[in-house]
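Engineer: Model the structure of this input:
(one chain, ligands or ions: 7)
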Amino acid sequence: MANVVTDPRVHPEVILPDLSKPNPLVTFKKEDIAFVYGSKWKQRYFQKAGDDYFPLGAQWDVTHQVWRAYNVAKGTDWWTAFYPPENSQRPTGPLCDGCHSVNYDIRSKGVTEWNVGCEKCHGPGAEHASRPSRTNIVNPAMLDAIQGNNVCIQCHSQGRPLKNPIEGTYYDWPVGFQVGLDLKNFWQLEEHRLGEQTFTHFADGTAHKNRMQGNDFVTSVMYTRGVTCFSCHDVHGTANDADLLKPANVLCLECHGPKSPNGPRTATIEEHTHHKPGSPGNECIACHMPKIEQTIADVNVRAHTFRFVTPSDTETLKVPNPCAGCHADKPPGWARDTLKTWPQFSPWRVGN
Ligand code: HEC
Ligand code: HEC
Ligand code: HEC
Ligand code: HEC
Ligand code: HEC
Ligand code: HEC
Ligand code: HEC
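Structural biologist: Residues are numbered from 1 along each chain as shown. Ligands and ions are numbered 1, 2, ... in the order given. Reported below is the predicted structural model:
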């Protein structure tokens, strides 16, 4: 996992855009930036006031290499009801830092590390560091699947603490949780009622925005079968995109394929996908992990429900389906009618 927070006074090279080029959105100077988060999709900048950090008003869209305004609008995130309307008045301690650091202390506002560091996933490590042994450190792989997934879900989810406010302040991360404890005693996932499109969810319950891999994954069949986030990702870093253990299509086929009891149940992969080998439409993630969850502007991350969103779900529930995502030139109804002619899928499930 990449560095998420860096002190630009020590490493000025982390600031991706060129701040010497004037831009009407950018009302701050390089020297005003005390901290930086992000490097992959978007980069955000913070100013220090007292012992708190506050977001500056512009963020860098890494994909398009442009500045965009940054202010969380009232009525979007649940916590906007409890904070002033301007980002510049909203401290990162209660709203961000618990997920972008290790051991953020809500009283001292200190951290052990400004990053997603070892102890966030392995629990306290001082004793282990002085006397390394398997018995004095948490190995997420040895936890049951629910607790194992919670190691990741503590940060990769939208939710709120069970008790809020805490000492008068509203927090957006599971204060008090550490690996080894039970996340459900600290955190509840953002609620959703079927049929409602909200800031966080499409009407069918699929997440709508980034940082919701956990909310999605708990609804999947794989989750109920004991598959974990780290069945697919190695967070210590790999050469593959998103720290995948293997390139995506190789990875899925470790557990799936014509001969696997996990499906798909066709003689060949192409009979399941109806796209040629090598075609983007033949990749498992093309249809089972569409990029429909917004992180900034039109840059989206992938759904983690693994459910196939049907063209009729798009008509009735306004959730984008993967066929139309690639075949945008085709008329409405085309994908649904095509699917009806693909005999291995139930028309009652995908063609209605
Ligand atoms: C974002 C979460 C996360 C972070 C951060 C993280 N780990 Fe891990 N670590 C895991 C998970 C999950 C496993 C078990 C699955 C695997 O091996 O990937 C693991 C496994 C390991 C293992 C293998 C244990 C065994 O018995 O085989 C070692 C060693 C390890 N981590 C060391 C570290 C060190 C040292 C750091 C900090 C530099 C670190 N980890 C940071 C999540 C994390
Ligand atoms: C509950 C945990 C949590 C909270 C609270 C949180 N984040 Fe994050 N943030 C994440 C995770 C996990 C990701 C990466 C996954 C994703 O974006 O889908 C992320 C991604 C990001 C990124 C993009 C990183 C990149 O490389 O592109 C930025 C920037 C960011 N967060 C800033 C913030 C700011 C600013 C706040 C507070 C206003 C905040 N986050 C609050 C967990 C959190
Ligand atoms: C302390 C909070 C935290 C925990 C715990 C955590 N993550 Fe993350 N994760 C983040 C943030 C923040 C980012 C965005 C990093 C960046 O700026 O690029 C991220 C990014 C990622 C990415 C994208 C990396 C890339 O380069 O594309 C993956 C994959 C990921 N996390 C998986 C996991 C898995 C699997 C676990 C559990 C073993 C886990 N994370 C635990 C906060 C966390
Ligand atoms: C570690 C093994 C493992 C890996 C890796 C894996 N799967 Fe699965 N998958 C399973 C299991 C187990 C099931 C449940 C099968 C059953 O009980 O019918 C499943 C079920 C599914 C289902 C059916 C779920 C539903 O809602 O109907 C889909 C779709 C799926 N996987 C897609 C993928 C994709 C896409 C990938 C690659 C990104 C992948 N899987 C990687 C083990 C795995
Ligand atoms: C072109 C789109 C498309 C691609 C690509 C695709 N699938 Fe599917 N998949 C579907 C549809 C449609 C269904 C049926 C969904 C339903 O019935 O609700 C499905 C169902 C499944 C199921 C559950 C039913 C069964 O047959 O067992 C599994 C498992 C599955 N796919 C795995 C995969 C894997 C693994 C890959 C990559 C090798 C893949 N899919 C690629 C469209 C696709
Ligand atoms: C069955 C395999 C599988 C499981 C389980 C899984 N992921 Fe992923 N994840 C993927 C694949 C495949 C990608 C897309 C990589 C790409 O686009 O090249 C991905 C992408 C991501 C990304 C990067 C954002 C994006 O969409 O590109 C993050 C963050 C992430 N996963 C976190 C998680 C977390 C947290 C969990 C558990 C709650 C999890 N994943 C469970 C396969 C999986
Ligand atoms: C990741 C992008 C992608 C996704 C998702 C995708 N396709 Fe395709 N599709 C392609 C590409 C590229 C071709 C042309 C090359 C080929 O035949 O594989 C194609 C070809 C086709 C063709 C034959 C040529 C034509 O235009 O008539 C049909 C039919 C089709 N797709 C239907 C579907 C349906 C239905 C879905 C959803 C279940 C779907 N596709 C999902 C990319 C995609």
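Engineer: Is stretch 153-165 in proximity to ligand 1?
Structural biologist: No - residues of stretch 153-165 contacting ligand 1 under Cβ under 6 Å from any ligand atom: none, with a closest distance of 8.1 Å. Where you see a C-beta, it was placed from the backbone N, CA and C, and this is true even at glycine.
Engineer: got the buried residues for that stretch?
Structural biologist: 153, 154, 155, 156, 157, 158, 159, 160, 161 (16 or more other Cβ atoms under 10 Å).
Engineer: Contacts made by stretch 8-16 with the rest, please.
Structural biologist: 3, 6, 30, 33, 34, 35, 36, 39, 43, 45, 60, 62 (Cβ atoms under 8 Å, 6 or more residues apart in numbering).
Engineer: And the pLDDT for the first one?
Structural biologist: Per-residue pLDDT puts residue 3 at 57.
Engineer: Can you report how many residues lie near the closest residue to ligand 5 within the stretch 51-200 of the chain?
Structural biologist: When distances are taken as Cβ to the nearest ligand atom, the stretch 51-200 of the chain reaches nearest to ligand 5 at residue 194, 16.5 Å away. By other Cβ atoms under 10 Å, the residues close to residue 194 number 9.
Engineer: So it sits against residue 205, correct?
Structural biologist: Yes - counting by Cβ atoms under 8 Å, residue 205 is a contact partner of residue 194 at 6.1 Å.
Engineer: Tell me where this protein has helices.
Structural biologist: 92-95, 118-122, 126-130, 145-153, 213-217, 221-224, 229-232, 248-255, 269-273, 284-288, 311-317, 322-326, 334-340, 347-350 (DSSP state H).
Engineer: is ligand 2 contacted by the first one?
Structural biologist: This points to helix 92-95. Yes - looking at helix 92-95 against ligand 2 by Cβ under 6 Å from any ligand atom, the contacts come from 92, 95.
Engineer: what's the nearest residue to residue 210 if we skip its chain neighbours?
Structural biologist: residue 295 (3.8 Å; Cβ to Cβ, 6 or more residues apart in numbering).
Engineer: from memory that neighbour sits against residue 209, does it?
Structural biologist: Yes - between residue 295 and residue 209 there is a contact under Cβ under 8 Å: 7.3 Å.
Engineer: Which residue lies nearest the spatial centre of the chain?
Structural biologist: Computing the C-alpha centroid of the chain and ranking residues by Cα atoms, centre = their mean puts residue 211 first, at 2.7 Å.
Engineer: So what does that residue look like in phi/psi?
Structural biologist: phi 60, psi 30 (degrees, to the nearest 10).
Engineer: So it sits against residue 156, correct?
Structural biologist: Yes - if you go by Cβ under 8 Å, residue 211 and residue 156 touch, sitting 6.1 Å apart.
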